[in-house]
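Asker: coordinates for the following, if possible.
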Amino acid sequence: MRRKTLSDAGVADLKARSARYTFPDPELRGHYVRVMPSGAKSFVAVSRDPNGKQVWATIGAADMMGVEKAREDAREAIKRIRAGLPAIEKKVAADTFRTVAENYLKRHVAAKGLLSEREIKRCLDVYVFPKWESREFTSIRRGDVAALLDEIEDGHGARQADAVLAIVRGICNWFAARDDSYLSPIVRGMRRATPTKRERVLTDEEIRAIWQQASKAGTFGDILKIALTTAQRREKILTMRWDDISIDGVWHVPSDEREKGTGGELKLPALALDVVKARSRIGENPYVFAGRTKKGFFNGVSKSKAALDASMAPPADAAANDTGDDKAAEKEGWTIHDLRRTARSLMARAGVASDTAERVMGHAIDGVEGVYNRHKYQDEKANALASLNALLKRILNPPAKNVVPMKRRARK
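Answerer: Residues are numbered from 1 along each chain as shown. Sure, this is the predicted structure:
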């Protein structure tokens, strides 16, 4: 009597013969158990494609899967054969985090010329790839992100954790725009640091202390002096090229696509020009502040800043009695960007018109004026930096306390 069902036990009871044979599954037409003379058994499916050609497909070994799972897979295989498709859909290897991240770097970061490309790569190499490099991208959950950020915050601070979060968020959002079913694990409230608007401006005593130490700090010290005397962004100072400075001391601050504005053509004031003239060009390196590589610029900012801070810290036994400039600069931590903010404040103090100072900084001018006023303001910016230069000289070389500047009498 022909069987009406086929169970796992029934498959196990099938005996080997001298020749290979197939045993039909009574519950699914086109599904068979193939039995080899060696006793090995496998599930197979057969049907005809749209051209009438008979197609056989192996579903899997009988000792590795049950008949119910085999029947389910066989049903799908038969449908695909009848539709003219391969019986078994080839499984594409799941994308790892590194695969997605590298694709993001190629198609988004590099393609759009993002200035943060170098820092994004550094953060991925240092903080993310060691943990997630081989992880299936879609398997990364909210808890995984939180654990990674906790570890970075504990070892490197909340700001670094937030920087990595921003990069991971960008990668996840980029992938979500290309995958119908993906949902980013990044949600609100994952930032570690409380956003604050920095308002630090150095005092005259701090300016003197920093300038004094900068004079002993080599290349990094020169970078600090240029930052304070020109009010330009750190990245522009680090990448200052010899070819961008004319023989009459005008620095053409280059502007790239997708970046904030720059100061444009700036007549370097005396204090800045002295710094540039004191430096020597190193071989074929195009940068004023050359790095260790043949064509690279200085990149030891973090270490140099830490070393300079350490040199300004008073000895423990003298800290209680020290009231000089060095201690003044240590009252509150300062950043290189604080020098830019300080320079802008000093320009206001020196009487420079606000719109001119903003143009020196490279800030966008809002409204109709920003659209229609195409004047370069080269002379105005030169005068602004000259005024800043004069004020800095007075700060760096203050008059003796017993000397009182004479006020000019108004003419009658």
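Asker: make it CA atoms for all contacts and neighbour counts henceforth
Answerer: OK.
Asker: list the contacts of Leu14.
Answerer: Leu14 makes contacts with Val35, as judged by CA atoms under 8 Å, 6 or more residues apart in numbering.
Asker: same question for the one 4 residues further on.
Answerer: By CA under 8 Å, 6+ apart, the contact list for Ser18 reads Pro37.
Asker: can you give me the distance of the most centrally placed residue in the chain to Tyr182?
Answerer: The centre of the chain sits closest to Ile120, judged by CA atoms, centre = their mean, with a distance of 2.6 Å. Counting by CA to CA, to the nearest Å, the gap from Ile120 to Tyr182 is 23 Å.
Asker: do Thr194 as well
Answerer: Counting by CA to CA - Thr194 and Tyr182 are separated by 29 Å.
Asker: higher neighbour count, the two?
Answerer: Neighbour count, other CA atoms under 10 Å: between Thr194 and Tyr182, Tyr182 has more, with 14 against 9.
Asker: can you count the residues close to the closest residue to the more buried one other than its chain neighbours?
Answerer: Leaving aside its chain neighbours, Tyr182 sits nearest to Ala176 (5.5 Å; criterion: CA to CA, 6 or more residues apart in numbering). As a burial measure, Ala176 scores 14 neighbours (other CA under 10 Å).
Asker: who are the contact partners of Ala176?
Answerer: Ala176 touches Tyr182, Leu183, Ser184, counting by CA under 8 Å, 6+ apart.
Asker: same thing with Val46?
Answerer: Gly30, His31, Gln54, Val55, Trp56, Ala57, Ile78 are the contacts of Val46 under CA under 8 Å, 6+ apart.
Asker: just the element for the nearest residue to Glu133 once chain neighbours are set aside, please.
Answerer: Of all residues not flanking Glu133 in the chain, Arg98 sits nearest, at 5.0 Å (CA to CA, 6+ apart). Arg98 belongs to helix 97-104 when assigned by DSSP states H and E.
Asker: Ala45 too?
Answerer: With elements taken from DSSP H and E, the one containing Ala45 is strand 41-48.
Asker: give me the below-cutoff pLDDT ranges for the stretch 201-350 of the chain.
Answerer: Within the stretch 201-350 of the chain, the segments meeting pLDDT under 70 span 257-261, 314-332.
Asker: could you pull out the helices for the stretch 251-400 of the chain?
Answerer: Using DSSP state H, counting those that start in this stretch, the helices of the stretch 251-400 of the chain run over 270-277, 301-312, 325-328, 336-349, 354-361, 367-372, 378-396.
Asker: before we move on, back to that, okay, the residue nearest to Glu133: pLDDT?
Answerer: Arg98 is assigned a predicted lDDT (pLDDT) of 96.
Asker: same check on Ile365?
Answerer: pLDDT, Ile365: 75.
Asker: for it, the count of nearby residues, please.
Answerer: Neighbours of Ile365 under the rule other CA under 10 Å: 14.
Asker: got the contact list for the residue nearest to Val360 when sequence neighbours are not counted?
Answerer: In this structure, Val360 finds its nearest non-sequential neighbour in Gly263, 4.7 Å apart by CA to CA, 6+ apart. Contact analysis of Gly263 by CA under 8 Å, 6+ apart lists Gln232, Val253, Arg359, Val360, Met361, Gly362.
Asker: so how far is Ile223 from Gly263?
Answerer: From Gly263 over to Ile223 the distance is 17 Å, taken as CA to CA.
Asker: just Thr203 next, same as before
Answerer: Taking CA to CA as the measure, Thr203 and Ile223 are separated by 19 Å.
Asker: neighbour-wise, which of those two wins?
Answerer: In terms of neighbours (other CA under 10 Å), Ile223 is the more surrounded of Thr203 and Ile223; the figures are 24 against 14.
Asker: can you tell me the element the closest residue to the more buried one other than its chain neighbours falls in?
Answerer: Nearest non-adjacent residue to Ile223, counting by CA to CA, 6+ apart: Ile237, 6.8 Å away. In this assignment (DSSP H and E), Ile237 forms part of helix 234-238.
Asker: export only the CA atoms of that helix, formatted as PDB.
Answerer: Provided in PDB are the C-alpha atoms of helix 234-238 (Å, rounded to 0.1, in the frame of the first residue of the first chain):
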ATOM      1  CA  ARG A 234      43.500  76.200  12.500                       C
ATOM      2  CA  GLU A 235      43.100  74.000   9.400                       C
ATOM      3  CA  LYS A 236      44.000  77.000   7.200                       C
ATOM      4  CA  ILE A 237      47.100  77.800   9.200                       C
ATOM      5  CA  LEU A 238      48.300  74.300   9.300                       C
END
